[in-house]
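In: Take this sequence and fold it.
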Amino acid sequence: MQGITGFSKSINRFVEQNCCLISSFLDKHPVVYKIVLVACHFFRAAAMYGLMTVSPLPFATTCVTMVAASVLYRAAVERFCCFRFALPSCIGAGAYWISKISMIQLVSGVAFDSVGLAFFNIAGALPLIGYIGYVAYVSHEEYEAKMGRPKLHCGSCVS
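Out: Down below sits the predicted model:
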């Protein structure tokens, strides 16, 4: 058992050292920091969407389960973190699910073949456009709030 504990401690030490290096780099480059935050939001939303699509439960049950799990995760874990991703990723997955048809038609080039289709596709894309704007705003605000207060120690959600 001592071997597993020692291995775990060495992995944690390695991760903490690298996180501190990355953290100090990002602290010096605020634009890159904000891009990383936005990318994290989008990655988590994509992962949440993936979970929504592979769930064997009915869609309504899946949505209720994912919202409940996101709220529980925020209450249990994210209350100690300076960045919060659970609920925005759940909202992003829903926004993509709603906007999926419009995005497919936009990429395939048929989104504006008629006035009615254009109106439908613009209206269908609004949830995703709103989510993208929300993530950009929240990432900026989270960065400003984090950088506005002193760091207690490197690499911790508690700082």
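In: pLDDT score for Cys82?
Out: On the pLDDT scale, Cys82 is placed at 67.
In: give me the element the most centrally placed residue in the chain is part of.
Out: Here the mean C-alpha position of the chain is nearest to the C-alpha of His41 (C-alpha atoms, centre = their mean), at a distance of 2.1 Å. Per DSSP states H and E: His41 is located in helix 30-54.
In: What residues sit buried inside the helix or strand following that helix?
Out: Downstream of helix 30-54, the next assigned helix or strand under DSSP H and E is helix 59-76. Residues Thr62, Cys63, Met66, Ser70, Tyr73, Arg74 are the ones in helix 59-76 that count as buried (16 or more other C-beta atoms under 10 Å). Using the backbone N, CA and C atoms, a C-beta is placed for each residue, glycine as well.
In: how close does Tyr33 get to Cys40?
Out: According to C-beta to C-beta, to the nearest Å, Tyr33 and Cys40 sit 11 Å apart.
In: more crowded one of those two?
Out: Set Tyr33 next to Cys40 and count neighbours by other C-beta atoms under 10 Å: Tyr33 wins out with 19 against 16.
In: So in the protein, which helix runs the longest?
Out: The longest helix of the chain (DSSP state H) is helix 115-147.
In: any idea how far it is from the chain center?
Out: Remark: helix 115-147 is offset 13 Å from the chain centroid, using C-alpha atoms, centre = their mean, to the nearest Å.
In: Pull the contacting residues for the residue nearest to the centre of the chain.
Out: Phe85, Pro88, Ser89, Gly92, Val135, Val138, Ser139 (C-beta atoms under 8 Å, 6 or more residues apart in numbering).
In: Apply 7 Å and report the result again.
Out: Residues near His41 by C-beta atoms under 7 Å, 6 or more residues apart in numbering: Phe85, Pro88, Ser89, Gly92, Val135, Ser139.
In: of those, closest to Ile11?
Out: In terms of C-beta to C-beta, no member of these lies closer to Ile11 than Phe85, at 23.2 Å.
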